[in-house]
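A.B. asks: Just the structure for this:
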Amino acid sequence: MRFVFASLALLVVVSGTAFARPAQKRAHAQAIENAARKACLTGDFRKGVDLLADLFIETQDINCVYNQARCFEQNHQWQEASDRFREFLRKSPDLSAAVKAETETHIAECEAQQAKLAPPALLPPAPAPVPAPAAPVAPSASSEGTVKLSAPAAAAEHPSSGLRTAGIVTAAVGLAVLGGGLAFNLEANSLTNELNQNWDRDKASRRDTYQTLTWVGYGVGAAALVTGATLMIVGWDSGKSGRAAPAVSLAPVLFPGFAALSLRGSY
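C.D. replies: Modelled structure (predicted):
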């Protein structure tokens with residue numbers, strides 16, 4: 001009886017150990033699966049996929065491949081997700097129609113998302129338009145049989161217009177300088193009247209300066225006015241006759257207490 005009891009006790013211990021090992025394996029596999037799920041949900045899909053790969057090697061459970069595909073899909077890794085879903089279908093020929101259809105739906109969604117990321121195809125540049133050939137100008141024949149060519153383009157502006165413009169500007173400057181001389185003359189006359197009543201050296205010096213500027217203004221202004229009139233006349237005559245414009249130069253002439261303008265030209 002003692003021997004039988006010992007044998008029964010040994011059988012119970014061995015049976016308990018045998019049942020404990022599958023439970024430990026299931027708990028270990030569940031722990032790995034939970035860690036992989038957490039990594040996928042927090043964006044660390046590489047870690048999640050690696051844990052599922054270790055679990056597949058250990059258990060040979062094809063669902064690990066499906067879970068890898070879902071991990072890639074959750075993290076928008078569309079190409080890797082599509083590849084893993086296809087691997088799952090390839091290694092699971094006995095799937096039910098419902099599971100197969102669901103997997104193929106995942107594949108289609110991943111491929112659609114991947115297509116949105118692909119850069120658009122570059123179109124070849126449009127060829128440059130070929131300019132149309134210019135229409136030839138047909139010469140017009142007169143009744144006598146002679147050929148009349150089209151009129152040439154308008155000639156460039158005659159140089160005489162430049163002389164007229166220079167004459168107008170020079171005459172305007174002469175008038176302005178004459179006006180300045182007149183202003184200095186009036187100021188000098190005013191100072192002369194004041195000096196006749198009360199002599200003052202500073203006023204006398206200023207009067208002398210104004211008188212000098214008066215004659216300078218009269219001289220330069222008159223010379224500029226005459227020069228401007230001459231330029232306008234020469235330009236007008238050249239424009240009417242069609243001759244080449246003469247070369248004209250204008251230079252100032254300065255003397256102590258006197259100023260003028262010198263006009264030189266060739267006709």
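
A.B. asks: hey, let's count contacts and neighbours off CA atoms from now on
C.D. replies: OK.

A.B. asks: Identify the spatial nearest neighbour of residue 187, chain neighbours not counted.
C.D. replies: Spatially, and ignoring its direct neighbours in sequence, residue 187 is nearest to residue 210 (6.9 Å; C-alpha to C-alpha, 6 or more residues apart in numbering).

A.B. asks: Please report how far the one you found lies from residue 27.
C.D. replies: Using C-alpha to C-alpha, to the nearest Å, one gets 119 Å for the distance from residue 210 to residue 27.

A.B. asks: The two: which is more packed in?
C.D. replies: residue 210 (21 against 12; other C-alpha atoms under 10 Å).

A.B. asks: residues contacting the more buried one?
C.D. replies: Listed by C-alpha atoms under 8 Å, 6 or more residues apart in numbering, the contact set of residue 210 reads 184-185, 187-188.

A.B. asks: Outline the domain layout of this structure.
C.D. replies: Using automatic domain parsing, the domain ranges for the chain come out as 15-117, 160-266.

A.B. asks: could the ones you listed be laid out in JSON lines, adding distance to residue 129 and mean pLDDT?
C.D. replies: Output for these, formatted as JSON lines (distance: least, C-alpha to C-alpha, whole Å; pLDDT from 0 to 100):
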{"stretch": "domain 15-117", "distance to residue 129": "34", "mean pLDDT": "90"}
{"stretch": "domain 160-266", "distance to residue 129": "44", "mean pLDDT": "73"}
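
A.B. asks: in what helix or strand does the closest residue to residue 67 other than its chain neighbours lie?
C.D. replies: Leaving aside its sequence neighbours, residue 67 sits nearest to residue 52 (C-alpha to C-alpha, 6+ apart; 7.4 Å). Assigned by DSSP states H and E, residue 52 falls within helix 45-59.

A.B. asks: what do you get for residue 218?
C.D. replies: helix 201-241.

A.B. asks: What is the helix holding residue 52 packed up against?
C.D. replies: helix 2-41, helix 63-74 (3 or more C-alpha pairs under 8 Å, 6 or more residues apart in numbering; DSSP states H and E).

A.B. asks: quick one: which of the contacts of residue 210 sit in helices?
C.D. replies: 184-185, 187-188 (DSSP state H).

A.B. asks: Is the residue nearest to residue 67 in contact with residue 65, as I believe?
C.D. replies: Yes: if you go by C-alpha atoms under 8 Å, residue 52 and residue 65 touch, sitting 7.5 Å apart.

A.B. asks: Look at these two and report which has more neighbours.
C.D. replies: The residue with more neighbours, out of residue 52 and residue 65, is residue 52; 27 against 23, by other C-alpha under 10 Å.

A.B. asks: all strands of the stretch 51-200 of the chain, in order?
C.D. replies: Ranges of strands within the stretch 51-200 of the chain are 140-141, 147-148, based on DSSP state E, counting those that start in this stretch.

A.B. asks: same question for the last one, mean pLDDT?
C.D. replies: Taken as a whole, strand 147-148 has a mean pLDDT of 47.
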